[in-house]
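In: Turn this into a structure:
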Amino acid sequence: RASRVCITPTPNMSFRDMFMSIRHMFPKSIDAFDVTNPNHVVAASCFAFALWCLMASWVTGTHSHVDRLWSITPVVYCLSYAYLGEYDTRCVLMAALVTIWGTRLTYNFARKGGYRKGEQDYRWPVLQSLPLLQNRFVWQLFNVSFIAGYQNLLLLLISGGPMMGAYARKGTALDINDAIATFAFLGFLTLERFADNQQWRFQQAKHLVPGYPRDRKRREEYKQGFNTSGLFKFSRHPNFFAEQGVWVSFGLFGVLGL
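Out: Presented below is the predicted three-dimensional model:
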């Protein structure tokens, strides 16, 4: 059986060393693949997810299959580390946080109709209408490299990267750094929840959905079509800001302990 390869963070490890250690997430060959190594398992899972998204785009002609998996694949990766890490406390904590994040985001995506048959992000057809991407070969190259490939790799790195560091440190006690990362994660997650709910109520009222009465004071907002009240008074996309904050906070689990 292939031996496990895992880089253990040390106090003098540089960010470059930490970044370079990510390469150990991927087995050097099929023969080197180890089903007991979570780094290899999540890498293989990522490849399977990317292949599924690519094939689904060919069958359906739509390109939002990564969107449908966006809140699911990080949960799969984190739970893999928790399970194969023999339920190490830090790994379980991180997996629990991401599971909460994924559950909330899945619900929010579902209520907006993201899982309806034929549904896709409006931006993909817009991109496909660009002169360069109208070429079928170029579009499929973009489909393979960015839509199916890069997006799935990004999800693997932002979730699996910190989990890889936690797995390498398994058996060590939680400390103040873990508390900082946890509270930051939960704080941004709470902010995202409030922002998404404000946007949801505004959009429902704008489209005159029963059960969501319009606020007379916001006539101009409904007319313009953009939410500029509540959290949206301070930012055009507070929910996107919070989402990025969630993953920066998650990354703290991997860097604060160095």
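In: Now do the strands in the stretch 1-150 of the chain.
Out: Secondary structure of the stretch 1-150 of the chain by DSSP state E, counting those that start in this stretch: no strands are present.
In: pLDDT below threshold where in it?
Out: Low-confidence segments of the stretch 1-150 of the chain, defined by pLDDT under 70: 1-24.
In: what do you get if the cut-off is 80, keeping everything else the same?
Out: The stretch 1-150 of the chain contains residues with pLDDT under 80 at 1-25, 27-29.
In: buried sites along stretch 220-235?
Out: Residues of stretch 220-235 classed as buried by neighbour count (16 or more other C-beta atoms under 10 Å): 221, 222, 227, 231, 232. Using the backbone N, CA and C atoms, a C-beta is placed for each residue, glycine as well.
In: tell me the mean pLDDT over that stretch?
Out: Stretch 220-235 shows a mean pLDDT of 93.
In: Correct me if wrong: residue 104 contacts residue 190.
Out: No - taking contacts as C-beta atoms under 8 Å, residue 104 lies outside contact range of residue 190: 10.0 Å.
In: Could you name the helices and strands sitting against the host helix or strand of residue 192?
Out: Using DSSP states H and E, the element containing residue 192 is helix 176-206. If you count contacts as 3 or more C-beta pairs under 8 Å, 6 or more residues apart in numbering; DSSP states H and E, helix 176-206 packs onto helix 89-111, helix 219-224, helix 238-255.
In: For these, give me TSV that also has distance to residue 158.
Out: As requested, those are exported to TSV (distance: least, C-beta to C-beta, whole Å):
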stretch	distance to residue 158
helix 89-111	10
helix 219-224	33
helix 238-255	5
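In: Closest one of the buried residues of stretch 220-235 to residue 87?
Out: Minimum distance to residue 87 across the buried residues of stretch 220-235 is 36.8 Å, recorded for residue 231 (C-beta to C-beta).
In: who has more neighbours, residue 104 and residue 190?
Out: The neighbour comparison of residue 104 against residue 190 (other C-beta atoms under 10 Å) goes to residue 104, with 15 against 11.
In: residues contacting the more buried one?
Out: 189, 192, 193 (C-beta atoms under 8 Å, 6 or more residues apart in numbering).
In: Appreciated, that's everything.
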